[in-house]
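> Just need the structure, nothing else, for what follows:
(chains A and B)
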Number of protein chains: 2
Amino acid sequence: MTMSRTAPSPAAPALIAIDWGTTSMRAFLFAADGSVLESNAHPAGVMNLPRAGGTAAFDAAFESACGAWLDRAPALPVLAAGMVGSAQGWREAPYVNTPVDADALVDGLIRVESSRGVAVAIVPGVLEPGTLPDVMRGEETQIVGALAGDAGLASGAAGALIGLPGTHAKWAWVRDGRIERFRTYMTGELFATLRDHTILGRTMQAGEADPDAFRRGVGVARESRDAGLLATIFSTRTLGLTGQLAPQAQGDYLSGLLIGHELNALVAMLAGVGTTLAAQPPRLIGDGRLCERYLTALREFGCEGAQVVERATERGLWRIASQAGLVGAAARAVS
Amino acid sequence: MTMSRTAPSPAAPALIAIDWGTTSMRAFLFAADGSVLESNAHPAGVMNLPRAGGTAAFDAAFESACGAWLDRAPALPVLAAGMVGSAQGWREAPYVNTPVDADALVDGLIRVESSRGVAVAIVPGVLEPGTLPDVMRGEETQIVGALAGDAGLASGAAGALIGLPGTHAKWAWVRDGRIERFRTYMTGELFATLRDHTILGRTMQAGEADPDAFRRGVGVARESRDAGLLATIFSTRTLGLTGQLAPQAQGDYLSGLLIGHELNALVAMLAGVGTTLAAQPPRLIGDGRLCERYLTALREFGCEGAQVVERATERGLWRIASQAGLVGAAARAVS
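Down below sits the predicted model:
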């Protein structure tokens, strides 16, 4: 294959980037203009790979996702973010401490060489140190993506709130393009385990989505802020026992309760930086249907105007690759 | 067998009473003076009996626990309390609404006849109606037992707090011998499911009890009252990841966190009736080691002087049987 010395066409492959999480991996082939040419998804998340396989299991998953692209363009730079950089990952990329911006993430990149001799750069996770430390891996890249797509957000000295709903929901406070603080809420995993492994699931029945039951749960949580989650979740069962909540509605009610208590916590977090939810409609990153739930819950809390950020993962990967010189003028100069 | 018309000896059997819960049953043979002559325990809780067995399964469990006593004294009255009176129990004893005293429980007794023709009286559960209803079955009998053993508590117009730690912890506010209000906290079940079914369990290791880690968890919860449970439980993992909490200490830390958040809720509940934990050292009913944990947590909240009530179940069963005329002068008059 002959490499051209002229500037590549905007549609020529320029980067492979991987969002490699706990339960799945998604690989993207980027063009030189930052658009995504191809992508694929695999269940080869870090926790789904055989432990006994060691790094070979990561190498095999990488080949399966990206091998064909590299066969066609062996010199493509590769970037990966997420749990692939954890202690249980392909190679550990030590945490960088808050406050963190894209430059700090680039400084923390580590590299692992794949069996075909390709250097895979891995984005570090972020640690908020202190007596209640917190960690993220992968979400920092999505937050960088949200900042990359919104100049006002990236330069905002007043600060902004970014939420990443999910199994382990994260809420981050960003200012001046930096992640200043964040907190993890185990809302998604708690919902699943309460439904699947406690008495609350026994009276639940699957059914159509029930937005009224969801909003009702949010409202109960909002009114029970002082009593807290432990004092309210049993109502999922007792409302059923007393004929006030149908079995098909109990799942959405519990979901509303938990997300409502998450927003209660967020209200307290925002009070700590002198603002409110209504004054700080957040940006949301994540699964579309889940983000819709959060938008509904936020409205129940009097917070209108929250927005869902699209393609935050792809944008963040591209932005970090650009900042690291893996793509763009710097990359072309060394190719 | 010849029945004597004279007053029975204080040590003669006078009552069979059963504490029949979700996962186990305990049967007691009482003497005429209210002391326990014999007792036995079985795993034949309501949820452990074969559903297909219907009432026959309850009958068989009853015979297994009490048959030998009834063979010797066929006319003994029988009283049972707990989930045996639920919709999934031997026979449903409809809830009585708060406020509830021993008389109201007696009025709500229902009877089921066993295969040998013995009438088993079943204590009703208690319902707190409202938009956040709550229910108990079995705990009402223990609370009656606590009141029976403490004249000051039973007559106290100022009110008192009674806690029943466990899988589904209950906290009740009693006044003038009545249960006025109560709330269920799924603390025990939540702890077990977080440990067994979420990421928090993955880094935990069993070890010696670690009172320091427990108190640390209680303290973190107390300081994180506004942030709440969802915002703090992930610290069990992150303190481990950052080398600040040993794997063997993480279970006790999480236990402290959850019980601390339960006490946060209790503080809010007490504020609703114009008092504080420090002004209202509670009575505790339940497993001795678990009550010790709560005593420790209460001290971390500045609440000294809480007391564990012994033999509340037996006392409550005896008291309700007496009030119902199953034992004592009334029972002898009809024997």
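> Check the burial of the residue nearest to A:Thr276 when sequence neighbours are not counted by counting its neighbours.
Nearest-residue entry for A:Thr276: A:Leu270, 5.8 Å, with adjacent residues in sequence omitted and distances by Cβ to Cβ, 6 or more residues apart in numbering or on different chains. From N, CA and C alone the C-beta is placed, and that goes for glycine too. A:Leu270 is flanked by 20 other residues according to other Cβ atoms under 10 Å in any protein chain shown.
> before we move on, what about the one 5 residues further on?
A count of neighbours around A:Thr275, defined by other Cβ under 10 Å, yields 16.
> try A:Leu70
A:Leu70 is flanked by 19 other residues according to other Cβ under 10 Å.
> any idea where the helices of the stretch 1-150 of chain A begin and end?
Along the stretch 1-150 of chain A, the segments classed as helices by DSSP state H, counting those that start in this stretch run A:54-72, A:102-107, A:139-148.
> correct me, but A:Leu245 touches A:Tyr253?
Yes: using Cβ atoms under 8 Å, A:Leu245 makes contact with A:Tyr253 at a distance of 5.9 Å.
> what residues are shared contacts of those two?
Residues touching both A:Leu245 and A:Tyr253 by Cβ atoms under 8 Å, 6 or more residues apart in numbering or on different chains: A:Ala213, A:Thr236, A:Leu239.
> quick one, what contacts the second one?
Counting by Cβ under 8 Å, 6+ apart, A:Thr236 touches A:Leu200, A:Thr203, A:Met204, A:Leu245, A:Gln250, A:Tyr253, A:Leu254, A:Leu257.
> ok, now the first one?
In this structure, A:Ala213 makes contact with A:Leu245, A:Ala249, A:Gln250, A:Asp252, A:Tyr253, A:Gly256, judged by Cβ under 8 Å, 6+ apart.
> The third one is in contact with A:Arg202, isn't it?
What that stands for is A:Gln250. No: the criterion here is Cβ under 8 Å, and A:Gln250 misses it with A:Arg202 at 9.9 Å.
> For those two, indicate the residue with more neighbours.
A:Gln250 (26 against 13).
> by contact count, what packs against the strand or helix carrying the more buried one?
Using DSSP states H and E, A:Gln250 sits in helix A:250-272. Counting contacts by 3 or more Cβ pairs under 8 Å, 6 or more residues apart in numbering or on different chains; DSSP states H and E, helix A:250-272 is packed against strand A:160-164, strand A:169-175, strand A:178-185, helix A:187-197, helix A:211-223, helix A:229-232, helix A:235-241, helix A:288-300.
> Pull out the buried positions in it.
Under the neighbour-count criterion of 16 or more other Cβ atoms under 10 Å in any protein chain shown, helix A:250-272 has A:250-270 buried.
> and the angle for that helix with strand A:169-175?
For helix A:250-272 against strand A:169-175, the angle by axes from the mean of the first three to the mean of the last three Cα atoms, to 10 degrees is 20 degrees.
> send the alpha carbons of helix A:250-272 over as PDB?
These are the backbone C-alpha positions of helix A:250-272, laid out as PDB (Å, rounded to 0.1, in the frame of the first residue of the first chain):
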ATOM      1  CA  GLN A 250     -44.900  -0.900  40.400                       C
ATOM      2  CA  GLY A 251     -41.700  -1.000  38.300                       C
ATOM      3  CA  ASP A 252     -42.200   2.500  36.900                       C
ATOM      4  CA  TYR A 253     -43.200   3.800  40.400                       C
ATOM      5  CA  LEU A 254     -40.000   2.400  41.900                       C
ATOM      6  CA  SER A 255     -37.900   3.800  39.000                       C
ATOM      7  CA  GLY A 256     -39.500   7.200  39.700                       C
ATOM      8  CA  LEU A 257     -38.800   6.900  43.400                       C
ATOM      9  CA  LEU A 258     -35.100   6.100  42.800                       C
ATOM     10  CA  ILE A 259     -34.500   8.800  40.200                       C
ATOM     11  CA  GLY A 260     -36.400  11.200  42.400                       C
ATOM     12  CA  HIS A 261     -34.100  10.500  45.300                       C
ATOM     13  CA  GLU A 262     -31.100  10.900  42.900                       C
ATOM     14  CA  LEU A 263     -32.400  14.400  42.000                       C
ATOM     15  CA  ASN A 264     -32.800  15.100  45.800                       C
ATOM     16  CA  ALA A 265     -29.100  14.400  46.200                       C
ATOM     17  CA  LEU A 266     -28.400  16.600  43.200                       C
ATOM     18  CA  VAL A 267     -30.300  19.500  44.700                       C
ATOM     19  CA  ALA A 268     -28.100  19.100  47.800                       C
ATOM     20  CA  MET A 269     -24.900  19.000  45.600                       C
ATOM     21  CA  LEU A 270     -26.000  22.100  43.800                       C
ATOM     22  CA  ALA A 271     -26.800  23.900  47.000                       C
ATOM     23  CA  GLY A 272     -23.100  23.200  47.900                       C
END
